[in-house]
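Student: Fold the stuff below for me.
(one chain, ligands or ions: 2)
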Amino acid sequence: MLRDDTASPPFALLDEPLAYVQAAHLQQRAICAVLRRFAAAHAASRPEADRVTAYLTGELRLHHEDEDLDLYPALRRRALPADGLGITLARLGEEHRQGAAMADLIVDALSARPAEEVVQLGATTSEAMQAYAASEIRHLALENAVVLALARIRLTRPDLKAISRGMKARRGVEVT
Ligand SMILES: [Fe+2]
Ligand SMILES: [Fe+2]
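Tutor: Ligands and ions are numbered 1, 2, ... in the order given. Below you'll find the predicted structure:
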């Protein structure tokens, strides 16, 4: 069975968008641990392969949109030049695009033969999973240490409300 920390954060947390993003990073870290386990075993059970595929094609895309369309733009507006955030946000946004391409390859490998109980993974796929997990862990660590830390200082209550509304709309959650 998968551990609970691969589950998506509860929608109730969307009222505190920075807390939701932080929880989504814990989830992302847990998924990366599963990918590393797949890579080490050169195999994935069908339920876990399906779970990771659902994450990479679902919640992770929403998370990137939360950041690219709501959180980063709000921070670009509020950050001070001395924060030096422009280059960091540009790099993180580019990593979203590069990571999506790697995630697509992993999804292809995990979902190629849906009837098989155990997905056998070749060396190339296993290496790609390790590389992807390592780069994602670095990415979210930077977001936690820099982006979220500055967001807590710079974003106003109306900014957070607007980010929360965007994240809810993206998930079809009624805005209150
Ligand atoms: Fe990100
Ligand atoms: Fe993130």
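Student: Can I take it that A115 is in a helix?
Tutor: No: checked against DSSP: H, G, I helix; E, B strand; the rest coil, A115 lies outside a helix; its state is coil.
Student: Please work out how many residues are found near it.
Tutor: For A115, the neighbour count with other CB atoms under 10 Å is 5. C-beta here means a position set from N, CA and C on the backbone, and glycine is covered the same way.
Student: From A162, how far off is the residue nearest the centre of the chain?
Tutor: When CA atoms, centre = their mean is applied to the chain, the residue found nearest the centroid is L60 (4.3 Å). L60 sits at a distance of 23 Å from A162 (criterion: CB to CB, to the nearest Å).
Student: repeat for H96
Tutor: Distance, H96 to A162, by CB to CB: 21 Å.
Student: So which bits of stretch 86-100 are buried?
Tutor: Across stretch 86-100, burial judged by 16 or more other CB atoms under 10 Å covers T88, L89, L92, E95, H96, G99.
Student: Out of those residues, name the ones that lie in helices.
Tutor: Within those, residues falling in helices by DSSP state H are T88, L89, L92, E95, H96, G99.
Student: Do I have it right that the fourth one meets S135?
Tutor: Translated: E95. Yes: at 7.1 Å, E95 and S135 qualify as touching, with contact defined as CB atoms under 8 Å.
Student: quick one: low-confidence ranges for this structure?
Tutor: Applying pLDDT under 70 to the chain picks out residues 1-4, 176.
Student: What segments of it are strands?
Tutor: Using DSSP state E, the strands of the chain run over residues 43-45, 118-120.
Student: Just the C-alpha atoms of stretch 91-99, please, in PDB.
Tutor: The C-alpha coordinates for stretch 91-99 follow below in PDB (Å, rounded to 0.1, in the frame of the first residue of the first chain):
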ATOM      1  CA  ARG A  91      14.300  29.300 -13.500                       C
ATOM      2  CA  LEU A  92      11.600  27.600 -11.500                       C
ATOM      3  CA  GLY A  93       9.000  28.200 -14.300                       C
ATOM      4  CA  GLU A  94      11.400  26.700 -16.900                       C
ATOM      5  CA  GLU A  95      11.900  23.700 -14.600                       C
ATOM      6  CA  HIS A  96       8.100  23.100 -14.700                       C
ATOM      7  CA  ARG A  97       8.300  22.800 -18.500                       C
ATOM      8  CA  GLN A  98      11.400  20.600 -18.400                       C
ATOM      9  CA  GLY A  99       9.900  18.500 -15.600                       C
END
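Student: what residues does it touch?
Tutor: Stretch 91-99 is contacted from outside by H64, E67, D68, Y72, Y132, S135, E136, H139, L142, E143, V147, using CB atoms under 8 Å, 6 or more residues apart in numbering.
Student: looking at those, which has the most residues close by?
Tutor: E143 (24 neighbours).
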